[in-house]
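In: sequence plus predicted model, see below.
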Amino acid sequence: MTTDPIADFLTRIRNAQMAGHRIVEIPASNLKKRMTEILYNQGYILKYKFEDDSKQGVIKIALKYDPTTKEPAIKTMERVSRPGLRQYASPSEFRRVKNGLGVAIISTSKGVLTDKDAKSQNVGGEVLCYIY
């Protein structure tokens, strides 16, 4: 059991990309499922699959690489809010990630959203991570 499941999620993806793996398996949770859907919708991963074969379930993520340079689509995954230091922000305080090219994942009262979706719905929340 990990004390920080979000950091575990990001680290598993980061390590799989550094090793050049095509698929990574991550223990499932509702938060991780929503974060995976956001990564897919933003174009950072090829596809994903939720499997409930075990007690907890597994998320299988097909990682995306550039076809010519073999560079991963995700350059950096940065954890912002941690269990020891939570970071909250209102819509006016959202920082632009990589000058608008990246995405921030935010846990709000309306669910887990990207920074752009949270700003359009005018809700703030806990800034989980920056991805670019």
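Out: Yes, it's here.
In: okay, residue 1: pLDDT?
Out: At residue 1, the model reports a pLDDT of 57.
In: and what about the residue lying closest to residue 13 once chain neighbours are set aside, helix, strand or coil?
Out: Distances taken as Cβ to Cβ, 6 or more residues apart in numbering place residue 24 nearest to residue 13, at 5.9 Å, with adjacent residues excluded. C-beta: built from backbone N, CA, C; applies to glycine. Under DSSP: H, G, I helix; E, B strand; the rest coil, the three-state class of residue 24 is strand.
In: residue 24: what's it in contact with?
Out: Going by Cβ atoms under 8 Å, 6 or more residues apart in numbering, residue 24 touches 12, 13, 16, 60, 61, 63.
In: could you list the buried residues of the longest helix along the chain?
Out: The single longest helix within the chain, with elements called by DSSP state H, is helix 5-19. For helix 5-19, burial by neighbour count (16 or more other Cβ atoms under 10 Å) applies to 6, 7, 9, 10, 12, 13, 16, 17.
In: mind listing residues that contact that helix?
Out: With Cβ under 8 Å, 6+ apart as the contact definition, helix 5-19 has outside contacts at 2, 23-24, 26-27, 29, 31-32, 35, 61, 63, 72, 74, 77, 79, 82, 128-129.
In: buried subset of these, written for ChimeraX?
Out: This is how ChimeraX selects the buried members of these, with burial counted by 16+ other Cβ under 10 Å:
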select :24,26,27,31,32,35,61,63,72,74,77,79,128,129
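In: which ones among the contacts of helix 5-19 are found in helices?
Out: Among the contacts of helix 5-19, the members falling in helices are 31, 32, 35 (criterion: DSSP H).
In: list just the nearest of the residues you listed to residue 41.
Out: residue 35 (10.8 Å; Cβ to Cβ).
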